[in-house]
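Peer 1: coordinates only, no sequence provided:
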């Protein structure tokens, strides 16, 4: 981590000291430091880095900072930085740059790197092909262990990972995999094909990145090969990519559940925050028109039984919370592969059993609170309030389970069923049921206070 002295170096204009400090630190820490600087100072700090440090640091910078530096550096410096990036990181950067800039940079890359980048960019976003790297160790079946180690030493020093080597035939068809540990602890004259495992966990280029993350997590892999439809090896996905994928997916799901558009960060500019949140808030206001419409016809009932105005907010908050609890657990289970839509009956049974106990407890609590707040002539409302609270709780756990399962069955993202949406739906159902029953009781049993 950066010391306070390093953080203050640029402020006191001691650039020689800052240069020394930044070039002695880990690239990830330098990247974090530069990202937090004001825009005009980022390029100054970045130019203080030596060649190798600058290359390493550049990959740890946020995409928007990378874009700023590209616009502020000379073309020769930019091309060198982009050339040295790993193909998957370069493809991610190109996704964010203007098309004209991407075209210019592609033309100036070496043929090998241009082809690697074009290959990755040719796959759909969110797939294994788009997040893989084409830098991996490939061996032929006929090599001995000694020859394989020599090849790794001489030719594969720039590969992203060497912990696994992938064995292919002459058509690049993936045949087997061998670990670096096996190579180091095997006699040099042993053939690769005799120690490599043919049980290779692999994914295809069109596999979703979420599925890739689940598979690597399941089998505790630090790298996984990616093959095309002909089973030819085209790249690998490493554990650092999977960590990024899991963080991205978790962030996206959390934001959707809270009614926030994706890609908003804690330090995003105010205008970005407004642009990301306002559409959701306007949409939620539109949804609440439904809940308000459920209340509007019962204004006379509320006027006749004032305690309803005290009780109704409890329905709103409690029912919505119960629904969001079930929704969150279900979406999380779907997200990590713990459950599938085929498990819907099992999950629903569990939620209903848990919901029944919760419903009884909440219903009794609602009766107790209603008796405290109601006037003597209004205490009959307590029984209806308790029944409706228990019923709404059962409805909440049912919707919180079935809605995300239904979306996954339709091949849609379950997180699209956000918390505010479920809350609004439950409010509408709860208010309509509660006020209808109160209205019926007033008329049928002549319970006018």
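Peer 2: Happy to help now that I have it. Please read all numbers here as calculations on a predicted model, not as lab measurements.
Peer 1: please enumerate the strands of this protein.
Peer 2: 138-140, 164-168, 174-179, 203-204, 223-227, 233-238 (DSSP state E).
Peer 1: how about the first one: buried residues?
Peer 2: By neighbour count, and taking 16 or more other Cβ atoms under 10 Å as the criterion, the buried residues in strand 138-140 are 138-139. Any C-beta I mention is one placed from the backbone N, CA and C, and that applies to glycine too.
Peer 1: helices and strands around that strand, which ones?
Peer 2: strand 164-168 (3 or more Cβ pairs under 8 Å, 6 or more residues apart in numbering; DSSP states H and E).
Peer 1: and the strand it packs on, average pLDDT?
Peer 2: Averaging pLDDT along strand 164-168 yields 93.
Peer 1: stretch 231-250 too?
Peer 2: In this model, stretch 231-250 has an average pLDDT of 86.
Peer 1: list the buried residues of it.
Peer 2: So stretch 231-250, judged by 16+ other Cβ under 10 Å, has buried residues 233-239, 241-242, 245-246, 248-249.
Peer 1: from those residues, pick the one nearest residue 299.
Peer 2: Nearest to residue 299 among those: residue 249, at 45.3 Å, using Cβ to Cβ.
Peer 1: how much space between the closest one and residue 103?
Peer 2: Note on residue 249: its distance to residue 103, by Cβ to Cβ, to the nearest Å, is 31 Å.
Peer 1: near the residue nearest to residue 355 when sequence neighbours are not counted, how many other residues are there?
Peer 2: Distance criterion Cβ to Cβ, 6 or more residues apart in numbering; nearest residue to residue 355, sequence neighbours excluded, is residue 397 at 3.7 Å. Residues contacting residue 397 under the criterion other Cβ atoms under 10 Å number 26.
Peer 1: my guess is residue 397 contacts residue 354, does it?
Peer 2: Yes - here residue 397 reaches residue 354: they are 7.1 Å apart, a contact under Cβ atoms under 8 Å.
Peer 1: which ones are touching residue 79?
Peer 2: 105, 108-109 (Cβ atoms under 8 Å, 6 or more residues apart in numbering).
Peer 1: so what pLDDT did it get?
Peer 2: Predicted confidence (pLDDT) for residue 79: 84.
Peer 1: check the one 10 residues further on too.
Peer 2: Residue 89 is assigned a pLDDT of 84 by the prediction.
Peer 1: of the contacts of residue 79 - the most surrounded one?
Peer 2: residue 105 (22 neighbours).
Peer 1: that one is in contact with residue 80, isn't it?
Peer 2: No - the pair residue 105 / residue 80 is not scored as a contact, 11.2 Å apart, by Cβ under 8 Å.
Peer 1: how near is residue 67 to residue 109?
Peer 2: Counting by Cβ to Cβ, the gap from residue 67 to residue 109 is 17 Å.
Peer 1: starting at the chain centroid, how far to stretch 240-254?
Peer 2: The gap between where stretch 240-254 is centred and where its chain is centred comes out at 4 Å by Cα atoms, centre = their mean, to the nearest Å.
Peer 1: meant to ask about stretch 197-215
Peer 2: That offset, for stretch 197-215, works out to 18 Å (Cα atoms, centre = their mean).
Peer 1: could you do stretch 172-182 as well?
Peer 2: With Cα atoms, centre = their mean, you get 31 Å for stretch 172-182.
Peer 1: and what of stretch 277-288?
Peer 2: Using Cα atoms, centre = their mean, the offset of stretch 277-288 from its chain centre is 23 Å.
Peer 1: could you shift the numbering so residue one becomes 23, and keep it that way?
Peer 2: Sure thing, new numbering starts at 23, so read that last one as stretch 299-310.
Peer 1: please enumerate the helices of the stretch 273-422 of the chain.
Peer 2: Along the stretch 273-422 of the chain, the segments classed as helices by DSSP state H, counting those that start in this stretch run 292-317, 321-326, 329-357, 366-395, 403-431.
Peer 1: buried sites along stretch 188-202?
Peer 2: By 16+ other Cβ under 10 Å, the buried positions in stretch 188-202 come out as 188-190, 194, 196-202.
Peer 1: got a list of what the residue nearest to residue 408 when sequence neighbours are not counted touches?
Peer 2: With Cβ to Cβ, 6+ apart as the criterion, residue 408 has its nearest non-adjacent residue at 3.8 Å, and that residue is residue 389. With contacts defined as Cβ under 8 Å, 6+ apart, residue 389 is in contact with 404-405, 407-408.
Peer 1: same thing but 10 Å
Peer 2: Residues in contact with residue 389 (Cβ atoms under 10 Å, 6 or more residues apart in numbering) are 401, 403-409, 411-412.
Peer 1: so which of these is the closest to residue 325?
Peer 2: Comparing those against residue 325 with Cβ to Cβ places residue 403 closest, at 14.0 Å.
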